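Asks: next comes the sequence, and after it the predicted model I'd like to discuss.
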Amino acid sequence: MRRLLGSLLLVGGCATTGLYVNSLRKRSESHNVPVYQERRTPEFFRKILAEQTTVSQLEEWPELKIPSRSEQIVRLQSETEFDVLVIGGGATGCGVALDAATRGLKTAMVEKFDFSSGTSSKSTKLIHGGVRYLQKAVLGLDYEQYSLVREALQERSNLLRIAPHLAHALPIMLPIYTFWQIPYFWAGIKCYDMVAGKHVLKKSYFVSRSKALEMFPMLNQQKLRGAIVYYDGQHNDARMNLAMAMTAAQKGATISNHVSVLSLLKDASGRVVGARVYDRFSKKEWDIHAKVVINATGPFTDSIRTMSEPKATPICQPSAGIHVVLPSYYSPKHMGLLDPNSSDGRVIFFLPWEGKTIAGTTDSPIELTHTPQPSETSIQFILDEIRNYLDPGLTIRRGDVQAAWSGIRPLVSDPSSKNTHSISRNHVIEVDNNGLVTIAGGKWTTYRSMAEETVSRAVREAGLQTSSSSSTLGLVLNGGEQYHPLLFVRLIQDFGLEHETAYHLAHCYGDKAAEVAKLASFTGKKHPLVGRKLAEDFPYIEAEVLYAMKEYACTVTDVVARRLSLAFLNVQAAEVAVPRIAEIMGERLGWSWSERESQVKEALEYLDSMGNKVRHEIRNSFQEKHFSEQELVNLKMKFLEFDKDNDGQISVLDMRKVLENLKQRVTEQELRELIAEVDTNRNQTIEFDEFVQLIASLKAGTVTDSRFGALIQQQDLRRKEYSDLSTKIPVEKSGGGV
């Protein structure tokens, strides 16, 4: 009876919530909260899509026509004065550069590392309004939170339409384990739909227990009462950021990565009028003059602000969000999962992405760094949380973590706040006494509206003359202009690509995919005809490395992390691909052998921050904890079975002899890949401590599916067979002896 009464009270509260949300919407209209004009409604976008060229009508493949990076550097050096100089090439910075360029402003943008090299490539890969922010808005009567959610839901709709090749709607399941939560969560998700209004992707719905298990078989069945399914957006964040940068270049912006700001320039009155910059590759310094400078450096906002005003009060509070990547079998291909009540009050997402499963995120304070590392504690926290929602029969193994990363969120700090997960993701635009415009905080989803507001503020502050108002709402990004969902079929038919590769190219490069396919080399096979793979079990091909350089990729890390997503999907596969990427880039760019080695080393250091370093640390700890002195002696004997020349290390030649004894034939490349799996110090051999680390990791389950581990098992079986034969057949009966 008490439970029934509670449910009735909650239903009554739901009705009140609906009335409150409606009142907030009316209030937003009276406060001139930005809304889409009628000409930009979904009907407007449908008309655009209806007028697009169909895949069968596409006679010629469009090309990416932008200046090269070297041409952009020359323009940055030779231009007398720009209207706008943007510092930072993340989502916000590229959004600002694009908005300014479309208004006819002479725009420059510089990025210290690579486009999307920081926070913008290390998100949860969602384009969303924020369900929990709406919960805070309703329960706390917080109008600011409501405005943030409403704006984000509008921008979500726009982003899915301007980059159809990179973004899509994703159903997300919210499992329910107590009856009283059904009306509570149902009301909350329906409010989410209601706030989205005409921009709702698809309406949410409730499913029964049996239907929930049918849709998400991995769910924990115990006490499951049903589930609610709602829709948000998902994208390839790094490629989306890059599409914005390329579109800005197409619209006339002068942009470059790997150009850092050394100091800000000031006139006689102290006003900021540009920046002193440094190009990593030419080693040159020069001044860029501009009428207004916009600081869009994310979590590093305060470092630029103090260049203008050394005593400026910090406004950004960095927060670490850690994600892990698991194999695809942990989640359905087209259904995500939301845990709204983790053990410490955070929200955990469990999402399919690029053929893998992403789980995250954490939310905790962190020291500011360019290379944040995921901690083992945070990784274990995420694994422990998802164990609560998945079937007990599905073992969550630490060794199944194929990549892990930490992204630093640029939260706007609140001096009264005690923890970062109580801080709003809303943004702040500040103009200091020297005229430096800073945009800080915000969400990935709202980058466009943030950029529009920032440029408008900069135009007013600097008295700039524009040729038009902002036109980025509805502006299709690079690759999406003539994209069609069946584009991959044309790629298969026109070029003879493998199905998986063609699908990847179409959804990564959009209507520019044929440019990549034209660069693909012959495989020497009947099928696929072209498209040599960079890594087994992944669709990435060598031609993408060549095309990446057209997209301003300058380093191996630029390619493996941002042009491709390999570093985010499987660190070990990325390690295998790194030397070949360096070889391809080195041949095209004329790198010396020392430069190639330097590039490989830098890329491997980056991969350490993607979960490799913590994985190696775990290996070492397992060796100490899991082996006795006698076991280490036994392992030494096993090691000597591979170390044929007894020189203390297993070389490629040693491996070949072992495989010949097992009657297995492999290529030289495959042999080196076997070595690379275990070779943690990168000296092309396996030493005893590395051998022990692998055995310890296999024993503890922190490494699975190891080819070298499988080889050790075959050796053990072979030894056992010989042992059994010698026991069962005496030598005098076997024809042996003298």
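Replies: Great, that's in hand. Residues are numbered from 1 along each chain as shown.

Asks: which residues touch the nearest residue to residue 388 once chain neighbours are set aside?
Replies: Ranked by Cβ to Cβ, 6 or more residues apart in numbering and with sequence neighbours excluded, the top spatial neighbour of residue 388 is residue 220, at 7.0 Å. For glycine as for every other residue, the C-beta is placed from the backbone atoms N, C-alpha and C. Residue 220 makes contact with 175, 388, 389, 390, 391, 392 under the criterion Cβ atoms under 8 Å, 6 or more residues apart in numbering.

Asks: what's the distance between the third one and residue 331?
Replies: Counting by Cβ to Cβ, to the nearest Å, the gap between residue 389 and residue 331 amounts to 11 Å.

Asks: now do the first one
Replies: Counting by Cβ to Cβ, the gap from residue 175 to residue 331 is 13 Å.

Asks: what's the answer for the fourth one, then?
Replies: To residue 331, residue 390 is 9 Å away according to Cβ to Cβ.

Asks: what about those two, which has more around it?
Replies: residue 331 (25 against 18; other Cβ atoms under 10 Å).

Asks: got any ranges where the stretch 401-550 of the chain has weak pLDDT?
Replies: By pLDDT under 70, the low-scoring segments of the stretch 401-550 of the chain are 414-425.

Asks: which residues in it form helices?
Replies: Secondary structure of the stretch 401-550 of the chain by DSSP state H, counting those that start in this stretch: the helices cover 447-462, 487-495, 499-509, 513-518, 543-550.

Asks: same check on the stretch 151-300 of the chain?
Replies: Under the criterion DSSP H, counting those that start in this stretch, helices of the stretch 151-300 of the chain are mapped to 181-196, 209-215, 237-250.

Asks: who's in contact with residue 607?
Replies: Residue 607 sits next to 560, 567, 571, 574, 575, 578 when contact means Cβ under 8 Å, 6+ apart.

Asks: helix or strand for it, which one?
Replies: In this structure, residue 607 sits in helix 593-607 according to DSSP states H and E.

Asks: follow-up on the earlier one: adding distance to residue 505, pLDDT and neighbour count, write the contacts of residue 607 out as CSV.
Replies: CSV is the format used below for the contacts of residue 607 (distance: Cβ to Cβ, whole Å; pLDDT from 0 to 100; neighbours: other Cβ atoms under 10 Å):
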residue, distance to residue 505, pLDDT, neighbour count
560, 17, 97, 32
567, 19, 96, 28
571, 23, 92, 26
574, 19, 94, 31
575, 23, 91, 23
578, 21, 96, 27
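
Asks: related to what we said a few turns ago, who touches both of residue 175 and residue 331?
Replies: With contacts taken as Cβ under 8 Å, 6+ apart, the residues that reach both residue 175 and residue 331 are 216, 337.

Asks: returning to what we had before: overlap of the contact sets of residue 389 and residue 331?
Replies: Between them, residue 389 and residue 331 have 337, 350 as joint contacts when contacts are counted by Cβ under 8 Å, 6+ apart.

Asks: and the gap between the residue nearest to residue 388 and residue 601?
Replies: Using Cβ to Cβ, which is the criterion applied here, residue 220 is 44 Å from residue 601.

Asks: quick one, what contacts the spatially closest residue to residue 611 that is not a sequence neighbour?
Replies: Distances taken as Cβ to Cβ, 6+ apart put residue 404 closest to residue 611, at 3.5 Å, once the chain neighbours are dropped. Neighbour list for residue 404: 322, 323, 324, 325, 374, 379, 610, 611, 614 [criterion: Cβ under 8 Å, 6+ apart].

Asks: low-scoring stretches of the stretch 201-350 of the chain, by residue?
Replies: Across the stretch 201-350 of the chain, not a single residue meets the criterion (pLDDT under 70).

Asks: one more time with 90
Replies: 313, 315-320, 339-348 (pLDDT under 90).
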